[in-house]
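Undergrad: Any chance you could fold what I've pasted below:
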Amino acid sequence: MALVHRIQHRLSRDEVEVQMLAFKRIGIAVALALALVTAGARSIARTWVGRLATQHSLAAGSQAASSSGHPRYETRAVHDPNGTGKFYMGREIAQVMGPGGIPWLDRPEREDEERPSAVIDAMGLRGGDVVVDLGAGSGFYTFRMAQKVGTAGKVLAVDIQDEMLETIRRRATAMKVTNVEELEASETDPRLPAHEADVVLMVDVYHELAFPFEVMQRVLESLKPGGRVVFVEFRKEDPKVPIKELHKMSVEQLQKEMGAIGLVHLQTVETLPMQHIVIFEKRD
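TA: Numbers count the residues shown, from 1 in each chain. Have a look, this model is predicted:
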C-alpha cells in the first residue's frame, strides 16, 4: 500500500535566496564536472552531477513551506525505527508496505478483522458513483466497491507501485470487471481527474504518505462539491490495538491535518473492531 505536480508555492524572499544559492552551487559543481570530463574522468563527473541533482531535489522538498513561512516537513535523526524520520504536523510518517505485503493484504482473516462490508456501508455508495481507492494495494476494497457502484459507476484504483497495479489489472481481467481503472501515482500527486470523484477511500494508507499535504491538495481538487474522503485507520487512542504505533492514526490528528487543506470533519464511525472510519467533506 502506498502512494501518490501541479501545486505552485509562493516562495518567500528567504526561500528564493536559498534556491538561488542552491543553483549557484550546482553551477560550480557542473563546471567542475565538465573539467573532470575534459580530463577523461567521465564516470566520476556523471556521478557528481547525479548526486548533486538528487541532493538539490531533496533540499528543495525539505524547503516546502506553509503560509507561515515555516518548513512544512521536519527531518529528525532520532526517530522511531518504523518511521522515515520525516515529520508532518508533529506526526512521524511511517514506512511504506511494499508488494511483499500482498499476502498480508489478502489474508483470509481480514474479512473478520476489518469488516469491509461495514466500511462500504458507512461510505454510502450509490450506483453510478465515481470512487477512488487511493493506495489500492492488491484491490481488496477496489472490487467490492466496483460491485457496489455498478456498471454506471467506476472505481479508480490508485497506487504508487507497479506490482500492486499489475495485480489489480490481472484480477480485473480474471473477474471480467470492466468498471475499474488503474492509475499510477507519484509521491506527491495521485494524478486524479479534477472534480470527478464522489468519494475517496484510504484504508491504512494516509499515515504512509511521504507528502501528505501535497497529495491531499490533489485529492481535494479531484472531489466534486460535497464529495467525501473516507479514512480507515487503526485507532491510535487504543493501546490494546496490536499494530505498530506509527501505523495508527488518532481522530484528533486526522482533523488537524485535514483542517490544514480545508476538508471538514463530517463524522466518525466506530463500528470496526480495531479501526476508525473517519469521514471528511469538501464544502464550497
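Undergrad: Provide the count of other residues in contact range of H265.
TA: 14 (other Cβ atoms under 10 Å). Placement of C-beta: from N, CA and C, glycine included.
Undergrad: which SS state does it fall under?
TA: Three-state assignment for H265 (DSSP: H, G, I helix; E, B strand; the rest coil): strand.
Undergrad: just how off-centre is stretch 184-194 within its chain?
TA: Averaged C-alpha coordinates place stretch 184-194 at 9 Å from its chain's average position (Cα atoms, centre = their mean, to the nearest Å).
Undergrad: From the opening residue of it to its closing one, how far?
TA: Here the two ends of stretch 184-194 are set 16 Å apart, with distance taken as Cα to Cα, to the nearest Å.
Undergrad: now swap in stretch 153-168 and tell me
TA: End-to-end distance of stretch 153-168: 18 Å, with Cα to Cα as the criterion.
Undergrad: buried stuff in that stretch?
TA: Residues of stretch 153-168 classed as buried by neighbour count (16 or more other Cβ atoms under 10 Å): 153-161, 164-165, 167-168.
Undergrad: taking the residues you listed one by one, which sit in helices?
TA: Secondary structure defined by DSSP state H assigns 164-165, 167-168 of these to helices.
Undergrad: Can you list the helices and strands that the helix or strand hosting G226 packs against?
TA: Taking DSSP states H and E as the definition, G226 sits inside strand 223-235. Other elements packing on strand 223-235 under the criterion 3 or more Cβ pairs under 8 Å, 6 or more residues apart in numbering; DSSP states H and E are helix 116-123, strand 197-203, strand 248-249, helix 251-259, strand 275-281.
Undergrad: who wins for proximity to F213 among those?
TA: Closest approach to F213 among the helices and strands packed on strand 223-235 is made by helix 251-259 (8.0 Å; Cβ to Cβ).
Undergrad: How far away from the center of its chain is the closest one?
TA: 15 Å.
Undergrad: now swap in stretch 225-232 and tell me
TA: On Cα atoms, centre = their mean, the centre of stretch 225-232 falls 15 Å from that of its chain.
Undergrad: Make CSV from the ones in helices among the buried residues of stretch 153-168 and add distance to K282 to it.
TA: Putting those into CSV (distance: Cβ to Cβ, whole Å) gives the following:
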residue, distance to K282
M164, 27
L165, 26
T167, 30
I168, 26
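Undergrad: nearest to F87, of these?
TA: Closest approach between those and F87, by Cβ to Cβ: M164, at 26.2 Å.
Undergrad: and the gap between the closest residue to that closest one other than its chain neighbours and E252?
TA: Sequence neighbours aside, G137 is the residue nearest to M164 in space, at 5.5 Å (criterion: Cβ to Cβ, 6 or more residues apart in numbering). G137 sits 26 Å away from E252, going by Cβ to Cβ, to the nearest Å.
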